[in-house]
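Chemist: next come a sequence and a model predicted from it.
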Amino acid sequence: MLFSDDNNTRWLTLREQGPVRFVIVQGVLKWGFGTAIAWLALMTIFTGGQLNYAVVVPRALMIFPAFGVVFGVSLWLVFDRLGRRA
């Protein structure tokens, strides 16, 4: 069995909500914005705050969520394939 019973139940709940909601929540909101905020924090630390925030923040808040769409779709496809095998 590829998924435990708890994980399989959770996946079935997420699957019922549909791929669009999954990609937006898991990919864009959680991964995309989470990664953007973490990246901005690390860049602030490593550059000593010498960033042009007016340029860097909007770029980060556009680029990382855009890649979050790719991440979310990929995650959906992998989980869907694994869920069908279970």
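Modeler: Perfect, I can see it now.
Chemist: list the buried ones in stretch 42-60?
Modeler: With burial defined by 16 or more other CB atoms under 10 Å, the residues of stretch 42-60 counted as buried are residue 60. C-beta: built from backbone N, CA, C; applies to glycine.
Chemist: measure that stretch end to end?
Modeler: 12 Å (CA to CA, to the nearest Å).
Chemist: just the mean pLDDT for that stretch, thanks.
Modeler: Mean per-residue pLDDT for stretch 42-60: 94.
Chemist: just stretch 76-86 next, same as before
Modeler: 83.
Chemist: and stretch 5-19, by the same measure?
Modeler: Stretch 5-19 shows a mean pLDDT of 88 in the predicted model.
Chemist: top helix in the protein by residue count?
Modeler: Among the segments of the chain that qualify as a helix by DSSP state H, the longest is helix 53-85.
Chemist: packing partners for it?
Modeler: With contacts taken as 3 or more CB pairs under 8 Å, 6 or more residues apart in numbering; DSSP states H and E, helix 53-85 sits against helix 5-17, helix 19-22, helix 34-47.
Chemist: for the longest one, name the packing helices and strands.
Modeler: The helices and strands touching helix 34-47, judged by 3+ CB pairs under 8 Å, 6+ apart, are helix 53-85.
Chemist: can you give me the offset of the helix it packs on from its chain's centre?
Modeler: Remark: helix 53-85 is offset 5 Å from the chain centroid, using CA atoms, centre = their mean, to the nearest Å.
Chemist: and it, what's buried?
Modeler: 60, 64-65, 68, 71-72, 75-76, 79, 83.
Chemist: including distance to residue 28, could the helices and strands packed on helix 53-85 go into CSV?
Modeler: Formatted as CSV, the helices and strands packed on helix 53-85 follow (distance: least, CB to CB, whole Å):
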stretch, distance to residue 28
helix 5-17, 15
helix 19-22, 10
helix 34-47, 10
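Chemist: which one, of these, ends up nearest to residue 54?
Modeler: Among these, the nearest to residue 54 by CB to CB is helix 34-47 (12.8 Å).
Chemist: this completes my enquiry, with thanks.
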